[in-house]
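**Student:** sequence below, structure please.
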Amino acid sequence: MNASKPASGEWIDPDDAPEWTDEMFAHAEVSFGGVVVRPATGVLTKDGIRPIGRPPLGAAARQPVTMRLPPHVLAWFRATGPGWQRRVANVLEDYVATTEVARTAQNS
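**Tutor:** So this is what the prediction gives:
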């Protein structure tokens with residue numbers, strides 16, 4: 001530890017670590033001499049091992065688009081805080097759903 005830098009965090013005794021299971025070893029990264037021979041196949045969490053990366057989205061994946069919106073509309077949604085893009089999508093989804101219902105009623 002450098003004298004100019006204070007110790008950060010709380011010391012954790014390595015003997016307090018849990019015992020590794022066969023599953024943990026099966027998913028662990030293997031390296032020899034600093035060269036990765038087999039990359040890890042999951043992330044170790046307190047609940048077990050989960051796959052690495054984002055889950056597959058399938059056909060429901062959102063599409064990135066570029067739109068021109070009136071400044072006051074964009075400002076209003078942005079002022080609602082984080083998640084404003086999802087709220088714009090919700091408004092559009094609601095419009096599509098109500099328009100489809102109206103169209104179906106007209107054609108009946």
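**Student:** and Thr99, what element?
**Tutor:** helix 84-107 (DSSP states H and E).
**Student:** only the buried residues of that helix, if you could.
**Tutor:** Val88 (16 or more other CB atoms under 10 Å). (Glycine included, C-beta is placed from N, CA and C.)
**Student:** over to stretch 17-34?
**Tutor:** Quick answer for stretch 17-34 (16+ other CB under 10 Å): 27-28.
**Student:** quick one: contacts for Glu29?
**Tutor:** Residues in contact with Glu29, defined by CB atoms under 8 Å, 6 or more residues apart in numbering, are 36, 38-40.
**Student:** same deal with Ala89?
**Tutor:** Arg62.
**Student:** SS state for Glu23?
**Tutor:** helix (DSSP: H, G, I helix; E, B strand; the rest coil).
**Student:** which one is it nearest to, not counting chain neighbours?
**Tutor:** Ile49 (6.3 Å; CB to CB, 6 or more residues apart in numbering).
**Student:** swap in Phe77?
**Tutor:** Closest residue in space to Phe77, ignoring its immediate chain neighbours: Trp84 at 4.4 Å, by CB to CB, 6+ apart.
**Student:** give me the pLDDT for Asp13.
**Tutor:** Looking at Asp13, its pLDDT reads 81.
**Student:** how is this protein divided into domains?
**Tutor:** 15-50, 66-107 (automatic domain parsing).
**Student:** among these, which gets the worst mean confidence?
**Tutor:** When the domains of the chain are ranked by mean pLDDT, domain 15-50 comes last with a mean of 80.
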